[in-house]
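Colleague: Task: produce atomic coordinates for the following.
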Amino acid sequence: MSDLQSQFSGTEEVREQHLFDTAGLQKYMQSHVEGFSGSVEVSQFRGGQSNPTYRIDAGGKAYVLRRKPPGELLPSAHAVDREYRVITALGPTSVPVPRSYCLCEDDGVIGTAFYIMEMVEGRVFWEATLPDQTPAARREIYRSMIQVMADLHKVDYRAVGLDGYGKVGEYRERQIHRWSKQYRISELEPILAMDRLIDWLPENIPPGDETTVVHGDYRLDNMIFHPTENRLLAVLDWELGTLGHPIGDFTYTLMGWRLGRDLFRGVADADLAALGIPREEEIIGQYCELTGRDGIPDLEWYLAYNMFRLAAILQGIAKRAVDGTAASSHAVEQGRRARPLAEAAWQQVEALAG
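Modeller: Numbering: from 1, shown residues only. Next up, the predicted model:
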């Protein structure tokens, strides 16, 4: 097992700042979780940066609890109610998600809102190069990942009850505005590249608009794969999910082919041919074939936009680390990536212009 895999995999004792009343949780689950029995034992997953996530063992069964973190939070962030809604709606579709059990918006139970879902047993890959896999397995894993993304973007959101899950149209405009605002709230020191991107991006949005369900953070370490087969069993971490532009969602994933492991756990600095990982052109080709597209226009703009967006997200993590509310002990390291990511985004803009 690689160092990164061992660092983020599995559970640990609940961190002091994320402790809660387990008796209150047990009482709630007895009333709201079908088939629940026994006494709860709680541990905390090591991975994740935003919403604290726990493994709940009781009566011979395992569950997962995701909650809002304690403390002062950014506006509209940590929306566990939205996560619960989308995984519940996608349950009957071809998009693999954990079964949802209940949503609790009463802060009096464990201190913040939370939801409980199925514990899906399988593999989470924390390194994009998949160091413990064979070339053939790597190729199958990536193909499964893109297949599920295409399936997600083909879901009829109205038919599954997600009408109103987000606004229809102008997703890119709203995302740029939202993350510019969140960045300013979280700003710890000036980053010139972010200032430039905040000015440039909204003035150069490509033509064409579409609306589908989007995940918002679709990458390998937000997925659970089958224990022995190279297929995707569950897509996790829907906090940034909404109705939005599918190309914005797809190119967020595609960033991994432009950035290395230091910035995005990407594969830009890897020998893809030797590893068996599909090249960027192959990933684009597969997605376009599955969704009936003829290429991805304005690709470089979307990559710059997504690097900007991720830099703003990481700046929020950095602020939470300073405030002591970050869900992961690795938040400080993650937060330091905001500046180099913003600078990489501006380099995309300069390449586009020149």
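Colleague: quick one: the helices in the stretch 51-200 of the chain?
Modeller: 80-90, 135-153, 171-186, 192-200 (DSSP state H, counting those that start in this stretch).
Colleague: Select, out of the ones you listed, the one closest to T129.
Modeller: Ranking the helices of the stretch 51-200 of the chain by proximity to T129 (Cβ to Cβ) places helix 135-153 first, at 8.0 Å. Every residue, glycine included, has its C-beta placed from N, CA and C.
Colleague: Could you give me the buried positions within the closest one?
Modeller: Neighbour-count burial for helix 135-153 flags 138-153 (criterion: 16 or more other Cβ atoms under 10 Å).
Colleague: circling back: can you put the helices of the stretch 51-200 of the chain in CSV and add mean pLDDT?
Modeller: Output for the helices of the stretch 51-200 of the chain, formatted as CSV (pLDDT from 0 to 100):
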stretch, mean pLDDT
helix 80-90, 96
helix 135-153, 98
helix 171-186, 95
helix 192-200, 97
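Colleague: right, so of these, which gets closest to A321?
Modeller: Comparing those by Cβ to Cβ, helix 171-186 comes nearest, at 10.5 Å.
Colleague: Can you give the distance of the closest one from its chain's centre?
Modeller: Centre-to-centre, helix 171-186 and its host chain are 17 Å apart (Cα atoms, centre = their mean, to the nearest Å).
Colleague: quick one: buried residues of it?
Modeller: For helix 171-186, by 16+ other Cβ under 10 Å, it's Y171, R172, Q175, I176, W179, S180, Q182, Y183, S186.
Colleague: And for stretch 186-199?
Modeller: Buried positions in stretch 186-199, judged by neighbour count with 16+ other Cβ under 10 Å: S186, E187, I191, A193, M194, R196, L197, I198.
Colleague: residue ranges of the strands in this structure, please?
Modeller: With DSSP state E as the criterion, the chain has strands at 11-12, 41-45, 53-58, 61-67, 100-104, 114-118, 212-214, 223-225, 232-235, 242-244.
Colleague: As a markdown table, these with mean neighbour count, distance to A353 and mean pLDDT would be great.
Modeller: Shown next, in a markdown table, are the strands of the chain (neighbours: other Cβ atoms under 10 Å; distance: least, Cβ to Cβ, whole Å; pLDDT from 0 to 100):
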| stretch | mean neighbour count | distance to A353 | mean pLDDT |
| --- | --- | --- | --- |
| strand 11-12 | 12 | 47 | 90 |
| strand 41-45 | 17 | 42 | 95 |
| strand 53-58 | 20 | 41 | 96 |
| strand 61-67 | 20 | 41 | 96 |
| strand 100-104 | 19 | 46 | 98 |
| strand 114-118 | 23 | 45 | 97 |
| strand 212-214 | 24 | 28 | 98 |
| strand 223-225 | 21 | 35 | 97 |
| strand 232-235 | 22 | 36 | 98 |
| strand 242-244 | 22 | 26 | 97 |
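Colleague: any chance of the ones you listed in JSON lines, with distance to W126 too?
Modeller: Listed next are those as JSON lines, based on distance: least, Cβ to Cβ, whole Å:
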{"stretch": "strand 11-12", "distance to W126": "14"}
{"stretch": "strand 41-45", "distance to W126": "12"}
{"stretch": "strand 53-58", "distance to W126": "15"}
{"stretch": "strand 61-67", "distance to W126": "17"}
{"stretch": "strand 100-104", "distance to W126": "25"}
{"stretch": "strand 114-118", "distance to W126": "21"}
{"stretch": "strand 212-214", "distance to W126": "23"}
{"stretch": "strand 223-225", "distance to W126": "11"}
{"stretch": "strand 232-235", "distance to W126": "15"}
{"stretch": "strand 242-244", "distance to W126": "25"}
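Colleague: sorry, back to before: so which of the helices of the stretch 51-200 of the chain is nearest P227?
Modeller: Among the helices of the stretch 51-200 of the chain, helix 135-153 comes nearest to P227, with 12.9 Å by Cβ to Cβ.
Colleague: Relative to the whole chain's centre, how far out is that closest one?
Modeller: Distance, stretch centre to chain centre, for helix 135-153: 16 Å (Cα atoms, centre = their mean).
Colleague: That one vs helix 80-90, what angle?
Modeller: Inter-element angle recorded for helix 135-153 and helix 80-90: 100 degrees (by axes from the mean of the first three to the mean of the last three Cα atoms, to 10 degrees).
Colleague: which outside residues touch helix 135-153?
Modeller: Contact with helix 135-153 is made by 90, 93-96, 125, 129-130, 133, 212-215, 218, 220, 223, 225, 230-232, 235, 246, 249-250, 253, 274-278, 283, 286-287, 290-291, as judged by Cβ atoms under 8 Å, 6 or more residues apart in numbering.
Colleague: could you redo the last one with a cut-off of 6 Å?
Modeller: Helix 135-153 has contacts (Cβ atoms under 6 Å, 6 or more residues apart in numbering) with 94-95, 130, 212-213, 218, 230-232, 246, 275-278, 286-287, 290-291.
Colleague: Spatially nearest residue to P246, not counting backbone neighbours?
Modeller: Sequence neighbours aside, H153 is the residue nearest to P246 in space, at 4.2 Å (criterion: Cβ to Cβ, 6 or more residues apart in numbering).
Colleague: cool, and H177?
Modeller: Nearest residue to H177 in three dimensions, chain neighbours excluded: P202, at 7.3 Å (Cβ to Cβ, 6+ apart).
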